[in-house]
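>>> generate coordinates for the sequence data below:
(2 chains)
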Number of protein chains: 2
Amino acid sequence: MRASQYLIATQKETPSDAEVISHQLMIRAGMIRKLAAGLYSWLPLGLKVLRKVEAIVREEMNRAGAQEVLMPVTQPAELWQESGRWEQYGPELLRMQDRHSRPFCLGPTHEEVITDLVRNQIRSYKQLPANFYQIQTKFRDEIRPRFGIMRAREFLMKDAYSFHTDQASLQETYDIMHKAYSAIFTRLGLDFRPVLADTGSIGGSHSHEFHVLAASGEDDIAFSTESDYAANVEMAEAIAPEGSRPSPSETMQEVATPGQHSIEQVSTFLDVPAASVVKTLIVQGDDEEAPLVALVVRGDHELNDIKAEKLHGIAAPLTFASEEQIRANLGCSVGSIGPVGLKIPVIVDHSAAHLADFVCGANRDGVHLTGVNWERDCPIDDVADIRNVVPGDPSPDGKGLLEIKRGIEVGHIFQLGTKYSEAMNAKVLNEEGREQVMIMGCYGIGVSRVVASAIEQNHDENGIIWPDALAPFQVALIPINIQKSEQVRETCEKLYTQLQERGLDVLFMDEEKARLGAMLADVELVGIPHRVVIGDRGLENGEVEYRHRRETENRTIGLNDIIEFLTKTIE
Amino acid sequence: MRASQYLIATQKETPSDAEVISHQLMIRAGMIRKLAAGLYSWLPLGLKVLRKVEAIVREEMNRAGAQEVLMPVTQPAELWQESGRWEQYGPELLRMQDRHSRPFCLGPTHEEVITDLVRNQIRSYKQLPANFYQIQTKFRDEIRPRFGIMRAREFLMKDAYSFHTDQASLQETYDIMHKAYSAIFTRLGLDFRPVLADTGSIGGSHSHEFHVLAASGEDDIAFSTESDYAANVEMAEAIAPEGSRPSPSETMQEVATPGQHSIEQVSTFLDVPAASVVKTLIVQGDDEEAPLVALVVRGDHELNDIKAEKLHGIAAPLTFASEEQIRANLGCSVGSIGPVGLKIPVIVDHSAAHLADFVCGANRDGVHLTGVNWERDCPIDDVADIRNVVPGDPSPDGKGLLEIKRGIEVGHIFQLGTKYSEAMNAKVLNEEGREQVMIMGCYGIGVSRVVASAIEQNHDENGIIWPDALAPFQVALIPINIQKSEQVRETCEKLYTQLQERGLDVLFMDEEKARLGAMLADVELVGIPHRVVIGDRGLENGEVEYRHRRETENRTIGLNDIIEFLTKTIE
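Alright, predicted model coming up:
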């Protein structure tokens, strides 16, 4: 492509609303432009990258035996009413009416539509398993769209849905998708991890997320230092400490802690480690007889909401008791609660339950207890895993310790079970000739989000550093003084033609009046992996200058060798 | 692809709402399924065809120097308010509100969004001309969606928009697009015609439609028998008859025509050809002094509304006077009007103006006039082209005669001028360093509609007959008794592998229990161009049966020759 015939819309300014680096660089490199909050147009350079992701996703989905379909963006309300989600789904579901006042929505996902399609097309177990996917525009009316296309309202997604008559078949397709996803992200050249994940509101029983690792990620991922174990921190199991609890060695005493509320304040004031203090949190129960429940974790640990709300007796979603409720029921403020003498159910995290001689609130303002011991000073009936893992925790698979990194979720695979097929009466005749509800899986990839995540993972202060598979162009051809030197022009034109003949995707910076510095900056910002600079001085020695985007020094290469060199390097 | 792993959703029943053959066949062949009125899901087989159209469109647009972008489906109201179309566009524009009650619409077209994008990105004449396109989902809330994807609400469209500083540059890009469209429809294997077209409500000055010829088309297209001239009948010029009007030879007489109103009734009653009778139509004028205007055409001709409403003095859109208005002003009923003695402006079509001794209404119920002559009996001041052309009319370019065929509009190119750039203040600095409003062109192809139009043009009683470029598969491999004959199975598996190695796209009908008749019917319905049937009887002689979808007889071909034969035939 000739730059003179291509919109290279690079800019120096970073828009004020661009908080993350991928958003900043996508705007600065001229990949996207904002139309309205959470709505972006893809400029030619950006779309080229997006299409490369799309092509790899499509190839691997086809290879994995999935069949491509295309469902409408607009969906009738009836189907969502059938599944029950018309009411359940929050305002992220953009609802609207057509000219005849019939209710529709913009699809944020397509479980209902595919289930409707399949229940009408597939009647027999012989047609199963089947896995249908599409690569299509989705809409989620995010309350605060941000991070550019990372959390946009309109975005491109690959969503797949599989149908089965038994769990073994679902597991088989699920495993195939797990492998296909790994193949996709490997081909894209991204450092990623499949991690165990919560199934969230979409329902179902078993799920993995695929995360691109990047410091700016919104999710914490726990990894084993010595095995493949990886899980979203929301899911990672904190296993109970080994051995039995140490015996008490201190007596319980009240100490005055005026004005000391937080764990940090109390541990500093009493000069004990945070790990020797326990934190008692009061949440809503789901039982009339126990409207409040106390959750106890070690002072250096954090409560894991998702684990907690799954416990028997706890209201979901997890809701903390108000200051007023606490004062009315316990007679103290939030910062002074402790498990001793509490009249409500107490659930203790494994690590907290393993403490002896610990510190806790006395359920009186300005007073804490030291030397507290379970059983001796307060009963301990319910022990559970209710905390986030921390670095150094043993890996739940027994191999190595956990470390925690940040990740950007770019894919998600679920075992949905019969949530939708049951509600929508999607049945087939099974081998015994009896009607049976189908079992479903679903598998998503945020295609546009992949582009942003690749940038979060691959950039420097000068711009984007694309993995080869995603680069909008492979080679940038940069002339010095093209408007003055016939020699430079002719050499460039010839190289441009020859490189294209070799099947390379070349951006020829052929604009008459472009300054060299500006061209080099553009090529670095845009992230083209290979650049060749051609000037009279080098040509006198039959040489051109080459640099890879990841390198900092030019290499001098013979004009006669450059085509062979590029072809080989890129292969 | 193995049929056992692919959704072949053929069906015998034709849905009751499928009026046109393409809609019927797309449902029966399992290409699409209806989700709601005007909303269709594309099943794997249909999507495969759609993607082939998309790929050819993309290749030719790129070749023509257009740059691909991707704009959002959802568009903010502000831009449409800026262009004035938020109010002008009817209920086909689906308007909605987001969670913050901000108004948006689902894009039926993208003039506003691209104009906004370009005014922000392009500042100088040096960056022009530029031509941006996208292949993207559009939504038009049709009042009565029908004909399947032919007139759906959600559909896939290629829309392109070009920007210029002068008319010559626009004309150049317009001509390039004209050539690119011809290349696209030629590669698609369709019998099509570019025709002069009205610019309609989208505005602008110059426009061509691209029509796929098919008896079921909604538009009438006029062609020259001897030149390239082609125009939509709404636009085709009816040139004035040569020579001067014959001299009067009869005297004007009143004749009683009780109960005779229509041209057919009057010409039969008086035993004169319809071409000797004139039809006088009363329409609203746009001038207070002339609230009604009479339009006169020959009895065998039809008024052309679009030509008429462009005339000076006529209200647009063209509105016929009511029965009451006519009686109040002329004193007679609609079927008895004539130009003699009329007190309102009379505009006469060229052909009607060329008549001598004609018949017309006498402006009294039940009475007509015969032997009427212009000038002698009634003044003739305004003569214009206000009729539809008919077969046999001379071609406006002076070469040959016109014939009329039906067409399906699949593409449209416009010279938009400054309609949007003016309203939205889209300016660049021109060569003199002064701000200048950009001139625009726009260029659309109904990508999903192309699929339907190809079927309207290529089918028989057994199903679809795809042009090679559009066929979902090139070859169908059909075994006889695969579940019983190891020889058939092995031969098919081997052929399947070898044909794929040759790069052919093969559908292997490998289902154990499929009946031969059903497989043959499916392959014909779906329209796969080349089919090979393999059975034990043929294999004993080292032979297989081949038939092209357009042929009616099988050919016997040696098993050892079939691969070479298919490869060569398909090339």
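>>> ok, the residue in chain A positioned nearest to chain B - contacts?
Nearest residue of chain A to chain B (CB to the nearest CB) works out as A:Met96 at 3.7 Å. Bear in mind the C-beta positions are built from the backbone N, C-alpha and C, glycine included. Residues in contact with A:Met96 (CB atoms under 8 Å, 6 or more residues apart in numbering or on different chains) are A:Pro103, A:Phe104, A:Cys105, A:Leu106, B:Leu94, B:Met96, B:Gln97.
>>> OK, contacts around the fifth one?
Spelled out, it's B:Leu94. Applying CB under 8 Å, 6+ apart to B:Leu94 gives the contacts A:Met96, A:Asp98, A:Arg99, B:Cys105, B:Leu106, B:Phe139, B:Asp141.
>>> against chain A, how distant is the last one?
From B:Asp141 over to chain A the distance is 5 Å, taken as CB to the nearest CB, to the nearest Å.
>>> quick check: A:Tyr174 touching A:Met440?
No: if you go by CB atoms under 8 Å, A:Tyr174 and A:Met440 don't touch, sitting 10.7 Å apart.
>>> of the two, who's got more company?
Between A:Tyr174 and A:Met440, counting by other CB atoms under 10 Å in any protein chain shown, A:Met440 is the more crowded of the two (27 against 22).
>>> I'd like to know how far that one sits from A:Ser216.
From A:Met440 across to A:Ser216, the span is 33 Å (CB to CB, to the nearest Å).
>>> ok, A:Gln24 next?
A:Gln24 is 11 Å from A:Ser216, by CB to CB.
>>> can you check A:Thr74 too?
A:Thr74 is 34 Å from A:Ser216, where distance means CB to CB.
>>> so the residue of chain A closest to chain B lies in a strand, does it not?
Yes: in this structure, A:Met96 lies within a strand as judged by DSSP: H, G, I helix; E, B strand; the rest coil.
>>> got the confidence number for it?
Predicted confidence (pLDDT) at A:Met96: the value is 97.
>>> what bridges to it?
Listed by DSSP bridges, the beta-bridge partners for A:Met96 are A:Phe104.
>>> of the contacts of A:Met96, closest to B:Lys494?
A:Leu106 (48.9 Å; CB to CB).
>>> how many other residues sit next to A:Asp198?
By other CB under 10 Å, 14 other residues sit near A:Asp198.
>>> residue ranges for the helices of the stretch 151-300 of chain A, please.
Here the stretch 151-300 of chain A has its helices, by DSSP state H, counting those that start in this stretch, at A:167-187, A:263-270.
>>> packing partners of the first one?
Right, helix A:167-187. Packed against helix A:167-187, as judged by 3 or more CB pairs under 8 Å, 6 or more residues apart in numbering or on different chains; DSSP states H and E, are the following elements: helix A:44-63, strand A:154-164, strand A:192-196, strand A:206-213, strand A:402-417, strand A:439-446.
>>> got a markdown table for the ones you listed, with mean pLDDT and distance to chain B too?
As requested, those are arranged in a markdown table below (pLDDT from 0 to 100; distance: least, CB to the nearest CB, whole Å):
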| stretch | mean pLDDT | distance to chain B |
| --- | --- | --- |
| helix A:44-63 | 98 | 4 |
| strand A:154-164 | 98 | 5 |
| strand A:192-196 | 92 | 25 |
| strand A:206-213 | 93 | 22 |
| strand A:402-417 | 95 | 19 |
| strand A:439-446 | 97 | 16 |
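>>> the ones you listed: which one's closest to B:Thr497?
Taking CB to CB, helix A:44-63 is the member of the helices and strands packed on helix A:167-187 nearest to B:Thr497, at 16.3 Å.
>>> didn't A:Lys12 look like it was pressed against A:Gly30?
No: the pair A:Lys12 / A:Gly30 is not scored as a contact, 11.5 Å apart, by CB under 8 Å.
>>> between these two, which one's more packed in?
Taking neighbours as other CB under 10 Å, A:Lys12 and A:Gly30 compare with A:Gly30 leading, 20 against 7.
>>> how about the contacts made by the more buried one?
By CB under 8 Å, 6+ apart, the contact list for A:Gly30 reads A:Leu7, A:Ile8, A:Ala9, A:Thr10, A:Gln11, A:Leu43, A:Leu45, A:Gly46, A:Val526.
>>> give me every residue that touches A:Asp98.
Contacts of A:Asp98 by CB under 8 Å, 6+ apart are A:Phe104, B:Leu94, B:Asp141, B:Arg153.
>>> all helices for the stretch 301-450 of chain A, in order.
Counting by DSSP H, counting those that start in this stretch, the helices of the stretch 301-450 of chain A are A:305-309, A:323-330, A:350-353, A:419-423, A:447-457.
>>> any buried residues in the shortest one, and which?
Using 16 or more other CB atoms under 10 Å in any protein chain shown as the burial criterion, the residues of helix A:350-353 that qualify are A:His350, A:Ser351, A:Ala352, A:Ala353.
>>> remind me what it packs against, helices and strands.
Contacts defined by 3+ CB pairs under 8 Å, 6+ apart place helix A:350-353 against strand A:290-298, strand A:382-384.
>>> point out the most buried one among those strands.
With neighbours defined as mean count of other CB atoms under 10 Å in any protein chain shown, the helices and strands packed on helix A:350-353 peak in mean count at strand A:290-298, which reaches a mean of 22.
>>> partner strands of that strand, with direction?
Here strand A:290-298 has these sheet partners by DSSP bridges: strand A:278-287 (antiparallel), strand A:346-349 (parallel).
>>> which one of these is the most hemmed in?
Mean neighbour count (mean count of other CB under 10 Å) peaks for strand A:346-349 among the strands paired with strand A:290-298, with a mean of 24.
>>> burial count for A:Ser227?
By other CB under 10 Å, 13 other residues sit near A:Ser227.
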